[in-house]
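1. Return atomic coordinates for the entry below.
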Amino acid sequence: MSEFWNSITSVQPEPSLKLVIGTGVVALLLIAWRPLWRHTRQVVTIAHEGAHGLIALLVGRKLSGIRLHSDTSGVTVSRGKPTGAGMIAVLLAGYPGPALFGLAAAFVLSRGYAVALLWGLLLALVILLLQIRNLFGLWSVLVFGAVVFGVSWWGSAEVQTAFAHLLTWFLLLAAPRAVMELQRSRRGGQGRSSDADQLRRLTGVPALLWVGVFGLVTLFCLAVGFLWSGVLPS
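-> Numbering: from 1, shown residues only. Okay, here's the model as predicted:
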């Protein structure tokens, strides 16, 4: 047990520039290649709905459950006042959520705690699992959690560091694409029940401006995460 705790609390050696860039390239491939993106996007949905759920709890709403669907959509249901700042905060959290989680992960990695990051993620997935209310959602979180656990428990230090960087890059790079897909679906006449459109109904601010806010936050997180990655010479 002491060895396990030491692995979590110890600072890992600084990764090579090749590893940091290489994992970023792999993450980009997982996002840019459509056959892969159909499956990997589920990780973004998990982060998106997890962000809704987290903020719902923080603003005092009662979380009723989360559902994840095979088309990579999802829904988080919470009980409380249907209008006001709390509901606005919940709706605001979804699309920036993966980017903000990625930025937090980039910060942890910049301090050298790759193993702690993976075990923290695993704990978050266990908590999320308790809120899932459909079979596909359970399957998705369990599979993702099994992969994270396998790397965390059996992976070498190098594999753990590489996987932590891959996940971080993936969240940072995937979040802007999800926002672009949101606006594309809105232009096609779909997505009228999206977070942006619900925010329009609550605030009177045009949905397109909310999409712009989502996009700016995700790009900001990507830029800061890139700076923290150590790719640029200090």
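
2. my guess is Leu109 contacts Thr168, does it?
-> Yes. Look at Leu109 against Thr168 with C-beta atoms under 8 Å: they come within range, at 5.9 Å. C-beta here means a position set from N, CA and C on the backbone, and glycine is covered the same way.

3. Mind listing the shared neighbours of the two?
-> Leu117 (C-beta atoms under 8 Å, 6 or more residues apart in numbering).

4. These two: who's more crowded?
-> When Leu109 is set against Thr168 and neighbours are counted by other C-beta atoms under 10 Å, the residue ahead is Thr168, at 29 against 25.

5. Hmm, that one is touching Phe107, no?
-> No. With contacts defined as C-beta under 8 Å, Thr168 does not count as touching Phe107, sitting 9.6 Å away.

6. Break down this protein into its strands, ranges please.
-> Remark: strands assigned in the chain by DSSP state E are 62-68, 74-79.

7. measure the spatially most central residue of the chain to Lys62 for me?
-> For the chain, the residue lying nearest the average C-alpha position, counting by C-alpha atoms, centre = their mean, turns out to be Pro98 (2.7 Å). Pro98 sits at a distance of 24 Å from Lys62 (criterion: C-beta to C-beta, to the nearest Å).

8. repeat for Thr83
-> As judged by C-beta to C-beta, Thr83 and Lys62 stand 16 Å apart.

9. Give me the pLDDT value at the residue nearest to the centre of the chain.
-> In the prediction, the pLDDT value recorded for Pro98 is 98.

10. Once you drop chain neighbours, what's closest to it?
-> For Pro98, ignoring the flanking residues on the chain, the nearest one in space by C-beta to C-beta, 6 or more residues apart in numbering is Ala47 at 3.9 Å.

11. ok, the one you found - contacts?
-> Counting by C-beta under 8 Å, 6+ apart, Ala47 touches Gly97, Pro98, Phe101, Leu171.
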